[in-house]
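Visitor: I'd like to go over a predicted model; first the sequence, then the structure.
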Amino acid sequence: MSESLPVLFVPHGAPTFALRPGEAGAALVRAAAGLPRPRAIVVVSPHWDTGSPTVGSAREPETIHDYWGFPAPLYDIRYPAPGDPALAGAVGGLLSRAGFEPRLDPVRGLDHGAWIPLRLMFPAADIPVVPVSIQGSLGPRHHFRLGEALAPLAEEGVLLVASGNLTHNLRDFQVASGNGSGTPDYVPRFADWIWDHIAAGDTDALLDYRQRAPDAVRAHPSEDHLLPLHVALGAAGRGCRAERLHQGVDSLVLAMDGYALWPAQGLENRGD
């Protein structure tokens, strides 16, 4: 049996994270260095939001610069990882068997939620990447089921990377940066609540975070940047072993925590 892979939830921060990765970026580099080399990567980013689950099947996904008003060097970056149309078809099959109605998109590239963390973790860009969209209006349970459908990928040597941020309130960024008030108290408080419930295996609370977590609506006025975490939780499954890769805040309001979630059935295959 091949070495087991975890499911990763990683931050992608503001676009400038690509230029100034700091401690969070270093944590992603370390995490990738400690993993077996995956044969391919499936990446879920909040910056691809579609009405139904959609899988990118391009042979050569373009690097999408889906942001405006940032430093010029950000627009010169390319992440030329190949695609994998066959794997995209297999991902679509997994989703279909789970009751979803997926589409394949033969031209979709990699948005900054995908390529920024992947460029840090796998800078050679020599591992095939297949993107999968979220459905931002459908909530945590939908995305947990989406993750459950993708769980078999780990046994095939495919690394699932869910990219987002534990807090994401851009209005609060404007306020905090404008008046110099610093990071609002809710940012680390909400991030700690999420970690505490992941570490405790309290999936039900995480699925109901909007009702149970302190400052949940302020941390996420819209849910898109947290829903990839629910995909990761579904793929890792109940009883997974959680590892906190990083804890910290960037751009005043973005909790940059990352996790490795080791599925229970794969723990016996780890070397530690």
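Guide: Received, thanks.
Visitor: Just the buried residues of stretch 75-90, please?
Guide: For stretch 75-90, the neighbour count (16 or more other CB atoms under 10 Å) marks 79, 81, 83, 84, 85, 87, 88, 90 as buried. Backbone N, C-alpha and C define where each C-beta goes, glycine included.
Visitor: Might you report the residue contacts of the fourth one?
Guide: The contact partners of residue 84, by CB atoms under 8 Å, 6 or more residues apart in numbering, come to 40, 128, 129, 130.
Visitor: Show me which of those residues are buried.
Guide: Neighbour-count burial (16+ other CB under 10 Å) applied to the contacts of residue 84 gives 40, 128, 129, 130.
Visitor: now, among the residues you listed, which is nearest to residue 191?
Guide: residue 129 (27.2 Å; CB to CB).
Visitor: how near is the closest one to residue 150?
Guide: 14 Å (CB to CB, to the nearest Å).
Visitor: Please apply the same query to residue 78.
Guide: From residue 78 over to residue 150 (counting by CB to CB), the distance is 27 Å.
Visitor: Ok, residue 53 next?
Guide: On the measure of CB to CB, residue 53 and residue 150 end up 10 Å apart.
Visitor: Mutual contacts of those two, please.
Guide: In contact with both residue 53 and residue 150: 95, 132, using CB under 8 Å, 6+ apart.
Visitor: Let me see the ranges of the helices in the stretch 51-200 of the chain.
Guide: Secondary structure of the stretch 51-200 of the chain by DSSP state H, counting those that start in this stretch: the helices cover 85-97, 112-121, 139-150, 170-179, 186-199.
Visitor: who touches the closest residue to residue 194 other than its chain neighbours in this structure?
Guide: Nearest residue to residue 194 in three dimensions, chain neighbours excluded: residue 166, at 5.6 Å (CB to CB, 6 or more residues apart in numbering). Listed by CB under 8 Å, 6+ apart, the contact set of residue 166 reads 11, 190, 191, 194, 219, 226, 229, 255, 256, 257.
Visitor: Pick the one among those residues closest to residue 182.
Guide: Of the contacts of residue 166, the one sitting nearest to residue 182 (CB to CB) turns out to be residue 255, at 14.3 Å.
Visitor: what sits opposite that closest one in the beta ladder?
Guide: residue 249 (DSSP bridges).
Visitor: Just want to check the distance between it and residue 179.
Guide: When residue 255 is compared with residue 179 (using CB to CB), they lie 20 Å apart.
Visitor: what ranges of the chain fall below the confidence cut-off?
Guide: 1-2, 266-272 (pLDDT under 70).
Visitor: 80 - rerun?
Guide: 1-3, 177, 265-272 (pLDDT under 80).
Visitor: can you give me the strands for it?
Guide: Along the chain, counting by DSSP state E, strands occupy 7-11, 40-49, 54-56, 103-105, 129-134, 158-164, 241-246, 249-250, 254-255, 258-262.
Visitor: do you know which of those lies nearest residue 66?
Guide: Nearest to residue 66, of all the strands of the chain, is strand 40-49, at 5.9 Å by CB to CB.
Visitor: Now that residue 11 has come up, it's in contact with residue 259, right?
Guide: No - counting by CB atoms under 8 Å, residue 11 stays clear of residue 259, with 10.1 Å between them.
Visitor: what residue of this structure is the furthest out?
Guide: Distance from the centre of the chain peaks at residue 179, with 30.9 Å (CA atoms, centre = their mean).
Visitor: do you know how far it is from residue 253?
Guide: Counting by CB to CB, the gap from residue 179 to residue 253 is 13 Å.
Visitor: Next: residue 86.
Guide: To residue 253, residue 86 is 40 Å away according to CB to CB.
Visitor: now do residue 30
Guide: Counting by CB to CB, the gap from residue 30 to residue 253 is 25 Å.
Visitor: Next: residue 16.
Guide: Per CB to CB, residue 16 is found 14 Å from residue 253.
Visitor: Who has more neighbours out of these two?
Guide: Remark: of residue 16 and residue 253, residue 253 carries more neighbours, 25 against 16, as counted by other CB atoms under 10 Å.
Visitor: The more buried one contacts residue 169, doesn't it?
Guide: Yes - if you go by CB under 8 Å, residue 253 and residue 169 touch, sitting 5.5 Å apart.
Visitor: List the contacts of residue 108.
Guide: Residue 108 touches 48, 54, 56, 57, 58, 61, 131, counting by CB under 8 Å, 6+ apart.
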